[in-house]
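Peer 1: Need coordinates for the below:
(one chain, ligands or ions: 1)
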Amino acid sequence: MRIDVVSIFPEYLAPLRLSLLGRAQEDGILELEVHDLREFTFDRHRTVDDTPYGGGAGMVMKPEPWALALEAVFTAHSERRGSDRQTERTTLGERPVLIVPSPAGEVFTQALAHELANEPTLAFACGRYEGIDERVLDWARERFEVRPVSLGDYVLNGGEVAVMAMVEAIARLIPGVVGNPESLVEESHSDGLLEYPVYTKPSSWRGLDVPEVLLSGNHGRIAKWRREQQLRRTAARRPELLDGADASQFSGGEREV
Ligand SMILES: Nc1cc(-c2cccs2)n[nH]1
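Peer 2: Reported below is the predicted structural model:
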């Protein structure tokens with residue numbers, strides 16, 4: 001997968017070069033290109049913002065630098081998607097996806113992460129200030145599938161933090177990025193429920209013991225206990241998730257009575 005990010009703070013995305021994502025880039029599984037929006041300005045002050053029409057506080061990001069930056073990304077993605085025609089993962093003939101982090105977007109979920117992990121390319125536009133001139137999104141829709149996406153109902157200063165979270169959630173689903181793909185199976189939201197509690201040595205620690213069932217070696221009992229813990233935790237912390245999850249299906253392969 002090729003991922004392009006456009007930002008006025010490209011150094012903000014440096015953590016995406018570390019750890020598992022850094023290794024995936026070294027291994028050629030992931031290609032990450034970060035672009036400085038100011039490289040697409042040509043005035044002396046490299047201006048990327050201006051005052052909002054209609055008044056109001058703050059500044060709005062000017063459209064022209066964004067169009068030039070996204071045009072360059074579109075060209076690169078079109079070539080990549082064309083060259084990937086032989087792979088079954090390419091969404092042939094479809095427009096490349098452009099994610100625009102925004103408090104006004106669809107909420108980012110594990111399901112959306114899985115959907116986006118199947119794309120051969122992804123582009124991210126990091127807005128700052130009061131946002132990007134809306135005409136950029138209108139213009140971009142001729143070239144990209146434009147998707148405003150929210151991390152949640154709170155406001156950040158810019159899209160960079162949201163992009164790092166989304167890129168990590170998406171890229172870790174790409175085969176070969178995490179060492180043991182089994183670790184992707186039983187984690188929060190993978191089956192619509194929150195994950196069960198985990199424990200390791202010592203079995204007794206500061207007067208607190210690991211639940212006996214986990215020391216029993218009885219895998220059926222352990223699977224059943226873990227499923228019950230998922231359901232209990234989800235009911236207590238995120239009851240709204242219970243509607244979507246198949247709470248009746250016992251994840252260990254046995255049907256609960
Ligand atoms: N969920 C979310 C996104 C944001 C952004 C703020 C500025 C650019 S993107 N805040 N909250």
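Peer 1: low pLDDT regions in this protein?
Peer 2: 83-93, 245-257 (pLDDT under 70).
Peer 1: mind listing the helices for it?
Peer 2: Per DSSP state H, the chain carries helices over the ranges 19-26, 63-83, 110-117, 134-140, 160-171, 219-237, 240-244.
Peer 1: can you put the ones you listed in a markdown table and add distance to Tyr154 and mean neighbour count?
Peer 2: Bear in mind the C-beta positions are built from the backbone N, C-alpha and C, glycine included. Shown next, in a markdown table, are the helices of the chain (distance: least, C-beta to C-beta, whole Å; neighbours: other C-beta atoms under 10 Å):
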| stretch | distance to Tyr154 | mean neighbour count |
| --- | --- | --- |
| helix 19-26 | 24 | 15 |
| helix 63-83 | 24 | 18 |
| helix 110-117 | 18 | 16 |
| helix 134-140 | 22 | 17 |
| helix 160-171 | 10 | 21 |
| helix 219-237 | 18 | 16 |
| helix 240-244 | 18 | 11 |
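Peer 1: I'd like to know which of those is closest to the ligand.
Peer 2: Nearest to the ligand among these is helix 160-171 (4.8 Å), distances taken as C-beta to the nearest ligand atom.
Peer 1: Tell me what angle the closest one forms with helix 19-26.
Peer 2: 70 degrees (axes from the mean of the first three to the mean of the last three C-alpha atoms, to 10 degrees).
Peer 1: Report all helices and strands that helix 160-171 contacts.
Peer 2: For helix 160-171, the elements it packs on are strand 2-7, helix 19-26, strand 97-107, helix 110-117, strand 121-125, strand 145-150, judged by 3 or more C-beta pairs under 8 Å, 6 or more residues apart in numbering; DSSP states H and E.
Peer 1: Now do that helix and strand 121-125, the angle between them.
Peer 2: 170 degrees.
Peer 1: Just checking helix 160-171 against the ligand, any contact.
Peer 2: Yes. Judged by C-beta under 6 Å from any ligand atom, helix 160-171 comes into contact with the ligand through Ala162.
Peer 1: Check what contacts that helix and list those residues.
Peer 2: Helix 160-171 is contacted by residues 1, 3, 5, 7, 9, 12-13, 15-16, 21, 24, 30, 32, 99, 101, 108, 110, 113, 116-117, 122, 124, 126, 149-151, 156, 177 when judged by C-beta atoms under 8 Å, 6 or more residues apart in numbering.
Peer 1: Let's see that with 7 Å instead.
Peer 2: 3, 5, 7, 9, 12-13, 15-16, 21, 24, 30, 99, 101, 108, 113, 116-117, 124, 126, 149, 151, 156, 177 (C-beta atoms under 7 Å, 6 or more residues apart in numbering).
Peer 1: By neighbour count, sort out the buried ones in those.
Peer 2: Buried members of those, counted by 16 or more other C-beta atoms under 10 Å: 3, 5, 7, 9, 12-13, 16, 21, 24, 30, 99, 101, 108, 113, 116-117, 124, 126, 149, 151, 156, 177.
Peer 1: show me which of those residues neighbour the ligand.
Peer 2: Okay, of these touching the ligand (C-beta under 6 Å from any ligand atom), that's 101, 151, 156.
Peer 1: What is the nearest of these to Arg237?
Peer 2: Leu151 (18.3 Å; C-beta to C-beta).
Peer 1: Hmm, the closest one is touching Gly105, no?
Peer 2: No. Leu151 lies out of contact with Gly105 (C-beta atoms under 7 Å); the separation is 8.8 Å.
Peer 1: can you pull the contacts of the nearest residue to Arg23 once chain neighbours are set aside?
Peer 2: Of all residues not flanking Arg23 in the chain, Val177 sits nearest, at 8.0 Å (C-beta to C-beta, 6 or more residues apart in numbering). Val177 sits next to 20, 24, 29-30, 171 when contact means C-beta under 7 Å, 6+ apart.
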